[in-house]
Every structure is written in structure tokens, then in C-alpha cells.
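Student: Fold the stuff below for me.
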Amino acid sequence: MAAEIVFIVNPASANGRMRRRWKTYERAFRRELGPGFAVRTTDRAGHATHHTRAALGDGATTIVSVGGDGTFNEVVNGYLGHRETARNADACLAVFSVGTGADFVRTLPVPATPAALARCIRERQPQTIDAGLCEFLDAGTRRKRYFVNVAEFGSGGAVVDRVNRSSKILGGRLTFVFAILRTLPRYRNTHVVYEADGGPSKEVVVNDFVVANGRYFGAGLMPAPAADLADGLLDVVIFGDIDFKVARRNLPALRRGEHVSLAEVTTFRCREVTIHAAEEMIDLDGECIGRHPLRFSVVPNAVSILAE
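Tutor: Okay, here's the model as predicted:
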């Protein structure tokens, strides 16, 4: 008989610490939930998406993402991909967050201990949040991928690419700070034309183009301080033609969410934004997925999730 609760565990999360810690966590969950749940571990990119779709296809009603923002992004894509073809109205997601950035859970607090998460699973009172959809070109082919926290392209995508190719032994905050300080001096701002909600085209020179459902990225930086996961809108934050010195000087303001008053920063809310830009690395929830953004749109009430 297929398990109703499936934990999808990324052993490489938190710079590999989950590989050492999972057995302790698993024993705690089994004390709280009994022996009836299943565990699936990942060992490659896209594996969590595959496990999620398979578990939902077998009738699972609760999928628990164990890892960081990237693991949860893959789980969300498996969840929403399954619902596109075989809607399971009872299925919901949960997060046990152990990762480098851990940014999604700064906007939506989730249980931090096995006992607290097990209680949420038993009580089963999920809330509904929006998702974002990114459409992009991959080797000339139009593709799509969902996100729940923050999408971006520009210098931020280049920073995330460096983070994901680096050791994360120093932890999330310092890893991202060092990546920013190494990436931005060499980054060249790019020309972008965009249309929001079918409005007129606007041309800008961009250092970073952020499309936010949640509030945080980069291990605690707050690009979209007013973002709401359930308002049916995306918060767009455009960092204009700034150089490294300006970016470095205003990094503390970005951490506090006080950058939105700067003359070089443009913010607005929309349901969709169409992009015309050169190839720029795209980051979705801390994962680099391609180099040519085309369109971002909101998918209202897309994800049922257990949270505090």
C-alpha cells in the first residue's frame, strides 16, 4: 500500500549536513507520526520533481520537502506538474527547511522541529498560496517552470550561479555576500524592454530584475518587503543602471528592505510581465534554470501548504 505521507530528502542540502543529520530527524518523525511514511532521497537535479510526481500518482496526500529552497522549488514543480494532468485536490505540501539560503520560510514561517511539523501534519489545516510561472528559452525551445519565492535575472542570477558552484561551508549569509562581492564588479548591466499586464513597453538598463512572490532572497536580503504570498500579484523590483560601488554601499539597505526609496530602484505589482532581453542567467528560488527570460506570471491559489 502506497504511503500517504512522503518525505523527499536532499542529502546535499546545507553543504551536505543533511546527509549526516537525516537519520536523527527520521527517528524523531517516526516517533511522532508512526512508521507509515515513506522517504525518498535525491541524488541529482530534478530528482525531487520526479519523486513528487511519482508519490502523488501513487496517492500520497502530503509531500514533505526536506532541504533548502532549491529542493522545495523542485517539489513545487512536481506538485503543480501533477495537478496539470491529474488534479489531486487533497494533496498538500510541507517544508522542513535545512538549506543554505532558507529564504522562502522567512516569508512563510513553517515548523522548525520534527515535533512541530508532525503536529501540523496530523492537524492538517493547510493554507493556500500563489505560485509564479516563468517562461524562458532553452536552446531555442520555449519552456516553463514554477517558482514560489523569488525569480530574477541579471546580476542576481550570476550571483546565484556562483553560489551554486561554490562551497557553502561558511553558511548562507557569508556565502552570498562573498558571491556578490566577487560577481558584481565584473557584471555589465543589460538593456531590457518589458510590458506589465499588457501595458505600454518600457525600456530600462538593468543591473537586476526581480519578480517576487515572497520577500527574501540571498540568505536574508529583502528585495520585496511588501510581497504577499496570497494576494494574486507579483512584486517586481528593478535595480536600474547602478555600478558596484552603489550596490555595495546599499547592501545594508537591501537587507533591511529600505532600498525601494532609492532613485535607481523601480517597483510595481502586476499579474504578468513580458520580457525582451539578451541572454541573462535566470534564478528561480535559488536555482539557475536557463539564460533567456520571456514572461513571468502569477498562478493564484496554486499551492496548498502546511505552515504555522
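Student: In the stretch 201-308 of the chain, mark out all the strands, start to finish.
Tutor: 202-206, 208-212, 234-239, 265-270, 272-277, 282-284, 287-290, 292-305 (DSSP state E, counting those that start in this stretch).
Student: Can you name the element that comes right after the helix or strand bottoming out on mean pLDDT in the chain?
Tutor: Ranking every helix and strand in the chain by mean pLDDT, DSSP states H and E puts helix 172-183 at the bottom, with a mean of 75. Per DSSP states H and E, the first helix or strand lying C-terminal to helix 172-183 is strand 190-196.
Student: Pull out the buried positions in that next one.
Tutor: Going by neighbour count (16 or more other CB atoms under 10 Å), the buried part of strand 190-196 is T190, V192, Y194, E195, A196. C-beta: built from backbone N, CA, C; applies to glycine.
Student: Mind giving me the packing neighbours of the least confident helix or strand of the chain?
Tutor: In terms of contacts (3 or more CB pairs under 8 Å, 6 or more residues apart in numbering; DSSP states H and E), helix 172-183 is packed against helix 155-164.
Student: what angle do the helix it packs on and strand 202-206 make?
Tutor: 40 degrees (axes from the mean of the first three to the mean of the last three CA atoms, to 10 degrees).
Student: quick one: average pLDDT of helix 155-164?
Tutor: When pLDDT is averaged over helix 155-164, the result is 77.
Student: and what of stretch 260-267?
Tutor: pLDDT averaged over stretch 260-267 gives 95.
Student: okay, how far is it across that stretch, tip to tip?
Tutor: Stretch 260-267 has an end-to-end distance of 7 Å (criterion: CA to CA, to the nearest Å).
Student: same check, this time on stretch 54-74
Tutor: Where stretch 54-74 begins and where it ends lie 13 Å apart, using CA to CA.
Student: Tell me which residues of that stretch come out buried.
Tutor: Neighbour-count burial for stretch 54-74 [16+ other CB under 10 Å]: 55-56, 60-74.
Student: Which segments of this structure make up each domain?
Tutor: For the chain, automatic domain parsing gives the domain ranges 5-125, 132-299.
Student: so where is the stretch 51-200 of the chain shaky, pLDDT-wise?
Tutor: 86-89, 100-101, 164-173 (pLDDT under 70).
Student: What are the boundaries of the strands in it?
Tutor: Under DSSP E, counting those that start in this stretch, the stretch 51-200 of the chain gives strands at 62-67, 92-97, 127-138, 141-147, 150-154, 190-196.
Student: Mind giving me the packing neighbours of the shortest one?
Tutor: This points to strand 150-154. Checking 3+ CB pairs under 8 Å, 6+ apart, strand 150-154 ends up next to strand 208-212, strand 282-284.
Student: Pull up the pairing partners for that strand, direction included.
Tutor: Strand 150-154 sits in its sheet next to strand 208-212 (antiparallel), strand 282-284 (antiparallel), going by DSSP bridges.
Student: so can I have JSON lines of those strands showing mean neighbour count and mean pLDDT?
Tutor: Shown next, in JSON lines, are the strands paired with strand 150-154 (neighbours: other CB atoms under 10 Å; pLDDT from 0 to 100):
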{"stretch": "strand 208-212", "mean neighbour count": "27", "mean pLDDT": "97"}
{"stretch": "strand 282-284", "mean neighbour count": "30", "mean pLDDT": "93"}
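Student: can you tell me which of those comes nearest to A224?
Tutor: strand 208-212 (3.5 Å; CB to CB).
Student: Tell me, how many residues neighbour A12?
Tutor: Close neighbours of A12, defined as other CB atoms under 10 Å, add up to 20.
Student: Now it: phi and psi?
Tutor: phi -80, psi -10 (degrees, to the nearest 10).
Student: Contacts only, for it.
Tutor: Going by CB atoms under 8 Å, 6 or more residues apart in numbering, A12 touches M18, R19, T42, G67.
Student: switch to 10 Å and redo it
Tutor: The contact partners of A12, by CB atoms under 10 Å, 6 or more residues apart in numbering, come to M18, R19, T41, T42, D43, R44, G67, G68, G70, T71, G99, K168.
Student: Looking at the residues you listed, which is nearest L133?
Tutor: The nearest member of the contacts of A12 to L133, counting by CB to CB, is G70 at 17.5 Å.
Student: And the residue nearest to that closest one when sequence neighbours are not counted, how close does it get to G199?
Tutor: Leaving aside its sequence neighbours, G70 sits nearest to E287 (CB to CB, 6 or more residues apart in numbering; 4.5 Å). Noted for E287: a distance of 30 Å to G199, by CB to CB, to the nearest Å.
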